[in-house]
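> Provide a 3D model corresponding to the input given below.
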Amino acid sequence: MMAPITWKTPQEVRNRVLDIAVSRTDPNISVKEVIEEAERNLAFETHIFALHGAKDADRQQFEEIVQPLRRLISESNAAVDRLMMEMMGSGSWIGFGRRHLDAPEEVIPNRYWPFLALNIKEARASGEGIEFRGVRFLTYGEIPRDQPVRDRITAANKLPSEAQPAAPASPPAKSQAQRGRRKVADWEDYFEALKTKIAAVGYPDELNVKGWDKQADVERWVTDLLEREGCSAGVSTVRGYVAEFLARIRPEIQN
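Okay, the predicted model is just below:
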C-alpha cells in the first residue's frame, strides 16, 4: 500500500515555521518565545494603563513603553513570514493550487515564490499576473519516496529549457555565469547525513562534551557540507532547514 501524504494549510505551514524559527543573533533563542513574551508584556502594560484610568497625562509614557514591544512583535512576525517564503522558494515546502476554480490543481514551481504574495487566510498566492487559489502544501522531506507526486514536483521545477531542450545549431560558448552556477541542494540527503552524524556525536546540547553543544554548530556543519558539494544556500535558509531537521530528529531520540 502506498504511504499517505499529509497536506498542510498555509496557516499550518506558518505555525510550523514559527515553531522552528530562531533569532538571527542567537540561534538558541526561539522567535516564538520572543513574540509570546513581548505580547505578555504588552498586555500587562495595557492592563496597568487601563487600571489607572487610561489618562491622557499618562499616555505619552505608556506609548514610550509599549511602542518597542509592538515593534518587536511586528518585526519578529515579519521575519517568520520571510523565512516561510524562503523555505518555499528553496523547496522545503511545496505549494499546490488552482489558477481558477475549474482548473486542475498544479504544483507551484519553487522559482515562482520570490514573485508571489501569499494570503494565508484566503489560501491564495498571487503576483506577476498569475494567481493560485486553494493553496496547500507538502513538506518535501516528508513525502514518501514511492509517492507519484514526487514526479510532478520534479517536472514542475524543471526550467522550460530543461523540459523541452532546443537543439542548437552549434555548441554555445559557456558564459562565466553558467560556469559558476551551483548545484541545487538535496536537503533530504542532508537530513539523513545529519541523523547519522548525530548518532555518532550526540544531539546538540550544552552538556554534550564530545560533540555539538548548540544549533549554530550544526548550521556550520551543514554549510561546510554545502560548500564541499558545490551547493549554495543563504544563512536563513540553512538555519530554517537545520531547525526543521532537529525538530524531526528529536522525537526519534526521545523514543
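> mind listing the helices in the stretch 51-200 of the chain by residue range?
56-90, 149-156, 160-163, 176-179, 187-201 (DSSP state H, counting those that start in this stretch).
> the longest one to helix 187-201, inter-axis angle?
What that stands for is helix 56-90. Between the axes of helix 56-90 and helix 187-201, defined by axes from the mean of the first three to the mean of the last three C-alpha atoms, to 10 degrees, the angle is 100 degrees.
> which other helices and strands does helix 56-90 contact?
helix 10-20, helix 31-51, strand 93-98, strand 117-119, helix 235-254 (3 or more C-beta pairs under 8 Å, 6 or more residues apart in numbering; DSSP states H and E). Glycine gets a C-beta too; all of them are placed from N, C-alpha and C.
> let's go with 7 Å and repeat that
helix 10-20, helix 31-51, helix 235-254 (3 or more C-beta pairs under 7 Å, 6 or more residues apart in numbering; DSSP states H and E).
> ditto for the last one
In this structure, helix 187-201 packs against helix 215-228, helix 235-254, with contacts taken as 3+ C-beta pairs under 7 Å, 6+ apart.
> can you list the buried residues in stretch 214-228?
Using 16 or more other C-beta atoms under 10 Å as the test for burial, stretch 214-228 gives Gln215, Ala216, Asp217, Val218, Glu219, Trp221, Val222, Thr223, Leu225, Leu226.
> cool, stretch 58-69 as well?
Result for stretch 58-69 [16+ other C-beta under 10 Å]: buried residues Phe62, Val66, Leu69.
> closest to Ser90 out of the helices and strands packed on helix 187-201?
helix 235-254 (5.1 Å; C-beta to C-beta).
> roughly how far does Met87 sit from Arg98?
22 Å (C-beta to C-beta, to the nearest Å).
> comparing those two, which shows the higher neighbour count?
Applying other C-beta atoms under 10 Å to Met87 and Arg98 shows that Met87 carries more neighbours, namely 24 against 15.
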